[in-house]
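Trainee: Sequence and computational prediction follow.
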Amino acid sequence: MKKLFSLMSLVTAFTLFIGNTTFADGLNSIHTHDGNYVIAAGDAGNIFRSVNGGSTWAKYTELSINFKSVFTLGTNVWLSADNGTIYKSSVNSVTLTPYLSGVVTSVNSVSFIDASNGFACGDNGVVVKSVNGGTSWTPVNTGLPTTNFNSVSFKDASNGIVVGNSGIAYTTINGGSSWTLETTGTTRNLKDAKYYSDGIAIVGEWGTLLVKYGAAPWSAVATKINSDIRAIAGTSINETHICGGGGFIRNNKSSNTGFLNFEKNPMLANLVDITFANSNTGFAVSSLNNAIIKTVNGGDSWELPASVSVAYNWVSKPGASGNFLGNNMSLHPTDRNQIFIVFGNQVYKSKDKGETWSTVGNVIPSGSTPHSFFVSPLDTNIWLVAIQSSPDKVYRTTNYGQTWTTVISMAFSNYGQPLEMDQNNPHNFYFAPDNGGFYKSTDDGATFTNIFSSISGTGGEFRSPCDLLVQWNNSNTIFLADGVTSSGLAKLFKSVDGGMNWTSVHTNASSSEVPSMSNTVFDDKLIFATEWPGNNIYKSVNSGNSFVTNNSNSFSGWGSDICREDPTLIVTGSWGASATISLNGGSNWTTISSGLSGHGGGILVPDRGYIIAHQGNNVYKLNVQYTVITSVSENVITGTPNEFNLSQNYPNPFNPTTNIKFDIPNSGNVSLKVYNELGKEVNNLINSYRSAGKYEINFDATNLSSGIYFYKLETGDFTATKKMLLIK
């Protein structure tokens, strides 16, 4: 039995509602073999197909199917689903032919070596093989456990790999007749594998990345992230691209074995699959939207199709509120969903990435305006908070906020962040008070000692420190931002001996404070800094020895953060309701202020799809909506006609959409094009194979001007042309 995709109206954002039925956006898999024909598929039968390298897309829907994987080779297309079925189609057809894999569980991955030989894997230990192009499938899982397998990849008919949950990976050298367990060194779920001619790569949850270069043993790459890596693509083991998390893409080109080449891209949502046709052309998709991104330069940059628009909007997340100043947000070290924040004298916790909040622990004994807050990644029972009081104090708890102890009682800036944790050695904390001294704790904040010696050998003191920053991978290098409100003189100091001696590295006479600095584990030379009341963002690429103006906003700066999984993404806020974002390392910036309210304190960017602002008396999360619009929508009408027919469009005249019906009694190639009065083609609605049937096209002429147009239907046996009138 054959099924036809129903091509539906394509004006989509995160969720598309048609009538009383909900069609979820999002794509689970994408593949191309030549860079021209591209197909992507997801849950609820969501399919996108392009025959021109992604310049235009058509959307098809088969509601009863959740597609898990797609694969193309030559003129063949295969799709696997969670119903135990593997579907076959053609690059020249929208016909979908189902073939049973022999199981009823989810088939999570399908891959073919040539037009005949292919493999698929799925839940409960399923691994099957086809030698007739996917028409029939035979189990080849002897000796394999009943774990859920997520990916299968073969470099030829004999050598392949299958990976799954709990760190399970098996290889074969005889086409699946027998399998050998690989020692992966992890129990994390493995999500994807790629068997190249010169090596193998495996990715999985919590930043898992394993590579095998040629005959060398497996090596684990320290990816320095805790978000999931979901997919692999590339032309060789030395030109491998990986994607995942909230939207990062990285590669190991130019012998960068740490995969620290970050690919600039516009997606602020999880990326779950990636495909490359050659060393230059690639595509990637998210399970949260239909905006397919493309690169034509090997990943140096990625772009959205011209038909996609992006809207940024901050959404308030009530439940935690009160006074604050500075960034009082802290991530849980082992639970990616948990985040802490302090408002007033109360700590709040979210278990769902900031969506909802509830109080945790007892109130902080005195004070009402917190400035800095940390949850120890070594022991989550230990918290430290700097809070305005009389005098100002640093409080510490060792029992999850049940009781608090004063560890410092000393005045600090009423607008700064005087407390900092050493991320390289979280046992160490630093504290910088007003008018002198620099204090260090080596016992998880229990006691502090003044270690300050001098500034540039003069014996001078800091005025009113605004922020502290420890360099990644080098605890001896520390930065201190110093400023006094209305002084008109903001300063940045650097220490290379752990905070004893300091040198001035930047002075800005046009602003009074440097309220925020941010750095990244991926590049210890990179630092961004904001200023107040000035509107500049400063950048250093030489470990803070010098700073240059990177961008000038229309508002004064305040909080900032470099994305924890991708240093090409930076977000800065303001002491007001404004924020800005860069998706390419600071080369370009976009204002993202819609929805914000109140004064800004802190910015936190755990991953590309998870951006939080500590704002006013509330918490805000950035919502990014991708709207995908095409000019062509197609619907397959039940029934096979007896003769060819091209109907008059309706409505006519129209503005800006109209419907065109046609009937074809014989299967074959179909062309439906729109021309202007001069005979110039202005839109190619259809130019591919269609099965015999009745069809209806919805044509959107938004981009055309008013006037008379002609639409022409051509098949091997029939040609017809009709006139229509667009009035705007």
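Mentor: Alright, I've got the coordinates. Residues are numbered from 1 along each chain as shown.
Trainee: The residue nearest to the spatial centre of the chain and D524, how far apart?
Mentor: Nearest to the mean C-alpha position of the chain, counting by C-alpha atoms, centre = their mean, stands G247 at 1.6 Å. According to C-beta to C-beta, to the nearest Å, G247 stands 23 Å off from D524. Placement of C-beta: from N, CA and C, glycine included.
Trainee: go on, I339?
Mentor: Counting by C-beta to C-beta, the gap between I339 and D524 amounts to 25 Å.
Trainee: With neighbour numbers in mind, choose between those two.
Mentor: I339 (24 against 15; other C-beta atoms under 10 Å).
Trainee: Dig out what that one forms beta bridges with.
Mentor: Under DSSP bridges, the beta-bridge partners of I339 are L331, S350.
Trainee: Show the pLDDT at it.
Mentor: Note for I339: predicted pLDDT of 98.
Trainee: contacting residues around it?
Mentor: M329, S330, L331, H332, K349, S350, K353, G354, L604, P606, I612 (C-beta atoms under 8 Å, 6 or more residues apart in numbering).
Trainee: Could you do Y87 as well?
Mentor: Y87 neighbours (C-beta under 8 Å, 6+ apart): K3, I65, W78, L79, S80, A81, L96, T97, P98, Y99.
Trainee: Likewise for T507?
Mentor: T507 neighbours (C-beta under 8 Å, 6+ apart): L489, A490, K491, L492.
Trainee: repeat that with 7 Å
Mentor: L489, K491 (C-beta atoms under 7 Å, 6 or more residues apart in numbering).
Trainee: quick one: secondary structure of it?
Mentor: Assigned with DSSP: H, G, I helix; E, B strand; the rest coil, T507 falls in the strand class.
Trainee: Relative to S546, how far out is it?
Mentor: The gap separating T507 from S546 is 11 Å, by C-beta to C-beta.
Trainee: which SSE is the closest residue to F119 other than its chain neighbours in?
Mentor: Take F119 and drop its neighbours on the chain: the residue closest to it by C-beta to C-beta, 6 or more residues apart in numbering is V152, 4.9 Å away. Assessed by DSSP states H and E, V152 sits inside strand 149-154.
Trainee: Show me what secondary structure element comes after that strand.
Mentor: strand 160-164.
Trainee: quick one: strands adjacent to whichever strand in the chain runs longest?
Mentor: When the chain is parsed with DSSP state E, its longest strand is strand 618-629. Applying DSSP bridges to the sheet, strand 618-629 is found paired with strand 11-12 (antiparallel), strand 308-316 (antiparallel), strand 610-615 (antiparallel).
Trainee: pLDDT below threshold where in this structure?
Mentor: Under the criterion pLDDT under 70, the flagged ranges of the chain are 1-24, 457-459, 629-636, 638.
Trainee: nearest to P266, of the contacts of Y87?
Mentor: Of all these, P266 sits closest to L79, with 26.7 Å by C-beta to C-beta.
Trainee: Pull out the buried residues from the contacts of Y87.
Mentor: Buried residues within the contacts of Y87, counting neighbours by 16 or more other C-beta atoms under 10 Å: I65, W78, L79, S80, A81, L96, P98, Y99.
Trainee: Could you point out which of these is nearest to A58?
Mentor: Of those, the one sitting nearest to A58 (C-beta to C-beta) turns out to be L96, at 13.9 Å.
Trainee: Checking the closest one next. Helix, strand or coil?
Mentor: Secondary structure, three-state DSSP: L96 is strand.
Trainee: Would you confirm that it contacts S89?
Mentor: Yes - counting by C-beta atoms under 7 Å, S89 is a contact partner of L96 at 5.5 Å.
Trainee: how much space between the residue nearest to F119 and Q648?
Mentor: V152 is 51 Å from Q648, by C-beta to C-beta.
Trainee: Neighbour count: those two, which is higher?
Mentor: Neighbour tally, V152 and Q648, criterion other C-beta under 10 Å: the higher count belongs to V152, 30 against 12.
Trainee: Okay, and the beta partners of that one?
Mentor: Here V152, judged by DSSP bridges, has bridge partners V162.
Trainee: show me what contacts it?
Mentor: S109, S111, F119, A120, C121, V127, G160, V162.
Trainee: surely the residue nearest to the centre of the chain meets R608?
Mentor: Yes - G247 lies in contact with R608 (C-beta under 7 Å); the separation is 3.8 Å.
Trainee: Need the residues touching each of these two.
Mentor: Joint contacts of G247 and R608 (C-beta under 7 Å, 6+ apart) are L268.
Trainee: Name all residues that make contact with L209.
Mentor: By C-beta under 7 Å, 6+ apart, the residues touching L209 are V203, V221, T223, I229, I242, F259.
Trainee: that older thread, now the contacts of V152 in TSV, with neighbour count and secondary structure?
Mentor: TSV is the format used below for the contacts of V152 (neighbours: other C-beta atoms under 10 Å; DSSP: H, G, I helix; E, B strand; the rest coil):
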residue	neighbour count	secondary structure
S109	25	strand
S111	23	strand
F119	24	strand
A120	30	strand
C121	31	strand
V127	23	strand
G160	28	strand
V162	31	strand
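Trainee: which one of those residues is nearest G557?
Mentor: G557 lies nearest to S109 out of those, by C-beta to C-beta, at 46.3 Å.
Trainee: list the contacts for that closest one?
Mentor: S69, S80, A120, C121, N150, S151, V152.
Trainee: do that again at 6 Å, thanks
Mentor: Neighbouring residues of S109 by C-beta atoms under 6 Å, 6 or more residues apart in numbering: S69, C121, S151, V152.
Trainee: For G298, state which of those residues is nearest.
Mentor: Using C-beta to C-beta, the contacts of S109 come closest to G298 at S151, 23.1 Å.
Trainee: and the closest residue in space to G26 that isn't next to it in sequence, what helix or strand is that in?
Mentor: Leaving aside its chain neighbours, G26 sits nearest to S287 (4.2 Å; criterion: C-beta to C-beta, 6+ apart). In the assignment (DSSP H and E), S287 maps to no helix and no strand.
Trainee: Make sure S287 is actually in contact with I30.
Mentor: No - under the criterion of C-beta atoms under 6 Å, S287 makes no contact with I30, lying 11.1 Å away.
Trainee: between these two, which one's more packed in?
Mentor: Taking neighbours as other C-beta under 10 Å, S287 and I30 compare with I30 leading, 26 against 19.
Trainee: what secondary structure does that one sit in?
Mentor: At I30 the chain is in strand, as set by three-state DSSP.
Trainee: Which residue comes closest to it once chain neighbours are left out?
Mentor: Spatially, and ignoring its direct neighbours in sequence, I30 is nearest to A40 (3.9 Å; C-beta to C-beta, 6+ apart).
Trainee: these two touch, right, that neighbour and R49?
Mentor: No - contact between A40 and R49 fails when scored by C-beta under 6 Å: they sit 7.9 Å apart.
Trainee: who's more crowded, the two?
Mentor: Counted by other C-beta under 10 Å, A40 and R49 do not tie: A40 has more neighbours, with 28 against 22.
Trainee: Please give me every residue in contact with I173.
Mentor: S158, N159.
Trainee: switch the cut-off to 8 Å
Mentor: S158, N159, T180.
Trainee: Save the residues you listed as JSON lines, and put in distance to T449 and neighbour count too.
Mentor: Shown next, in JSON lines, are the contacts of I173 (distance: C-beta to C-beta, whole Å; neighbours: other C-beta atoms under 10 Å):
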{"residue": "S158", "distance to T449": "65", "neighbour count": "13"}
{"residue": "N159", "distance to T449": "60", "neighbour count": "17"}
{"residue": "T180", "distance to T449": "56", "neighbour count": "11"}
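Trainee: ok, these vs N703, which is closest?
Mentor: For these, the residue nearest N703 by C-beta to C-beta is N159; the value is 49.5 Å.
Trainee: Can you give me the distance of the closest one to N76?
Mentor: Noted for N159: a distance of 22 Å to N76, by C-beta to C-beta.
Trainee: repeat for S518
Mentor: Counting by C-beta to C-beta, the gap from S518 to N76 is 49 Å.
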